[in-house]
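Student: got a sequence here, can you build the structure:
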Amino acid sequence: MLKPQEVSGHVFTKALFRGYSMSAVDEFLDAVAEDYAALHKENANLKSKLKVMVDKVEEYRATEEAMRSALLAAQRTAEGILKDAETRRDEILANASDEALARRDDCRREVAELEERMRRGRTEMARFIASGRELCSQELKFLEQLPQMQVNVTLPEEEDAETPSGQKDVHPETEGTESAPHLEALKFGQSLQKD
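Tutor: Have a look, this model is predicted:
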């Protein structure tokens with residue numbers, strides 16, 4: 001490409017016969033040189049802008065590549081986090097399920113133990129009530145027989161007291177009766193049976 005100085009400095013050879021008017025050619029060449037200079041300047045500006053644009057495009061490409069890499073890394077990280085969270089969730093659910101089953105088994109075992117204790121308590125209560133009834137029945141029989149029994153009470157010798165008339169103190173209901181068991185031999189709950 002010709003430079004504007006080359007266009008404006010170009011010299012034409014003169015023709016011998018009827019050539020062009022030198023001033024008209026010079027004016028035309030000056031106008032062409034100006035236009036060519038403007039085009040050359042604009043072309044240089046566009047080339048520099050194009051270089052800037054190419055640099056920007058390269059920068060954008062590098063940024064895009066970095067962003068793509070970052071996005072892929074973020075995607076992999078998110079997948080890893082999601083996988084870890086699902087694994088942790090499954091572990092927590094499994095542990096909670098195992099713990100719930102263990103607690104349920106413990107509760108069932110405890111309920112069974114309490115039911116067994118309650119059954120034994122009822123059995124013991126029934127035995128206690130039956131023995132209480134038996135004891136009450138024996139005492140009732142004893143109390144029913146008491147008015148018909150005759151009891152001789154012999155006091156120890158030091159406690160033998162003479163009445164003012166010089167006789168021993170004897171209860172009227174015991175006079176002239178057969179010898180009966182000593183009162184100390186009668187204990188609550190024991191029945192008197194004659195051999």
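
Student: burial count for Ser8?
Tutor: Around Ser8 there are 15 other residues, counting by other CB atoms under 10 Å. All C-beta atoms are positioned from the backbone trio N, CA, C, and that covers glycine.

Student: do Pro4 as well
Tutor: 17.

Student: and Tyr36, by the same measure?
Tutor: Neighbours of Tyr36 (other CB under 10 Å): 19.

Student: now do it against Ser8, distance only.
Tutor: 9 Å (CB to CB, to the nearest Å).

Student: next one: Leu146
Tutor: 163 Å.

Student: what of Arg133?
Tutor: From Arg133 to Ser8 the distance is 146 Å (CB to CB).

Student: next: Glu124.
Tutor: Distance from Glu124 to Ser8, by CB to CB: 133 Å.

Student: isn't there a strand covering Asn43?
Tutor: No - Asn43: not assigned to a strand; according to DSSP: H, G, I helix; E, B strand; the rest coil it is helix.

Student: starting at the chain centroid, how far to the lowest-mean-pLDDT helix or strand in the chain?
Tutor: In the chain, no helix or strand scores lower on mean pLDDT, DSSP states H and E than helix 4-9, which sits at a mean of 72. Chain-centre distance of helix 4-9: 90 Å, with CA atoms, centre = their mean, to the nearest Å.

Student: cool, stretch 77-87 as well?
Tutor: Distance, centroid of stretch 77-87 to centroid of chain: 20 Å (CA atoms, centre = their mean).

Student: this protein: helices as residue ranges?
Tutor: Applying DSSP state H to the chain gives helices spanning 4-9, 22-145.

Student: including distance to Leu155, could those helices go into TSV?
Tutor: Shown next, in TSV, are the helices of the chain (distance: least, CB to CB, whole Å):
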stretch	distance to Leu155
helix 4-9	166
helix 22-145	24
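
Student: what about the protein, any weak spots by pLDDT?
Tutor: Applying pLDDT under 70 to the chain flags the ranges 1-2, 10, 12-18, 150-153, 157-195.

Student: and if we set it to 50?
Tutor: 167-189, 193-195 (pLDDT under 50).

Student: just want the most central residue of the protein.
Tutor: When CA atoms, centre = their mean is applied to the chain, the residue found nearest the centroid is Ala96 (7.1 Å).

Student: separation between that residue and Ser69?
Tutor: 40 Å.

Student: swap in Asp98?
Tutor: The value you get for Asp98 to Ser69, if CB to CB is used, is 43 Å.

Student: also Asn95?
Tutor: Taking CB to CB, one finds Asn95 at 38 Å from Ser69.

Student: kindly report the same for Ala130.
Tutor: 90 Å.

Student: returning to what we had before: ok, and which of the helices of the chain has the densest surroundings?
Tutor: Mean neighbour count, computed with mean count of other CB atoms under 10 Å, is highest for helix 4-9 among the helices of the chain, reaching a mean of 14.
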